[in-house]
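# Sequence and predicted structure are below.
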Amino acid sequence: MPTYSVNEAIESLEWLAGKDITVRGLLSFQFENVSLSHVPLADQAPGYASSIWLSVGSGSLSFDERICERLHGKVVLVEGTLQGPAPNLGGCGHFSLWPAEFVARTLERATTDN
């Protein structure tokens, strides 16, 4: 499965939407901000433009809060499906602030090799 940076995934959203990919980014696991941000930080666009909202979809699945709290602020690899915003919202996540959403299946800390 190909691995993309957050900025690459957002820039390629039109043709990556609905596809299973891996995204490498900085995890934020906070109230009203569960997202991946682009690394390195020097290449981030202002605001939320270099971030992707993270979710696990609907149903009974959820994030393991203890693991995500431990990984908050760390670079992670997330496998899942990239999605664009609903046409009537113009964005994803809390208050539709993020340009894309990533429905995660797996999340692990990145190593220097990946």
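Everything's here; your move.

# any chance you could read off phi and psi for the residue of the chain most remote from its centre?
No residue in the chain sits farther from the centre than N88, which is 21.0 Å out by C-alpha atoms, centre = their mean. When read as degrees, to the nearest 10, the backbone of N88 gives phi -80, psi -10.

# Tell me the first helix or strand C-terminal of the lowest-mean-pLDDT helix or strand in the chain.
Ranked by mean pLDDT, DSSP states H and E, the weakest helix or strand in the chain is helix 65-71, scoring a mean of 89. Remark: after helix 65-71, the chain's next helix or strand is strand 75-83, criterion DSSP states H and E.

# Now tell me what touches that next one from outside.
1, 3, 9, 13, 16-27, 36, 39, 52, 54, 92, 100-110, 114 (C-beta atoms under 8 Å, 6 or more residues apart in numbering). (Glycine included, C-beta is placed from N, CA and C.)

# Let me see the mean pLDDT of that strand.
Averaged across strand 75-83, the pLDDT comes to 96.

# Would you mind listing the buried residues in the least confident helix or strand of the chain?
Neighbour counts over helix 65-71 (16 or more other C-beta atoms under 10 Å) mark C68, L71 as buried.

# hang on, the earlier thing: pull out the buried members of the contacts of strand 75-83.
Among the contacts of strand 75-83, those classed as buried by 16+ other C-beta under 10 Å are 9, 13, 16, 21-27, 36, 39, 52, 54, 92, 100-104, 107, 110.

# So for T22, what's the nearest residue that isn't a sequence neighbour?
T3 (4.3 Å; C-beta to C-beta, 6 or more residues apart in numbering).

# isn't that neighbour right next to D20, touching?
No. Counting by C-beta atoms under 8 Å, T3 stays clear of D20, with 11.7 Å between them.

# who touches S12 in this structure?
Each residue near S12 by C-beta under 8 Å, 6+ apart is listed here: Y4.

# what's the answer for G47, then?
Here G47 is in contact with L97 (C-beta under 8 Å, 6+ apart).
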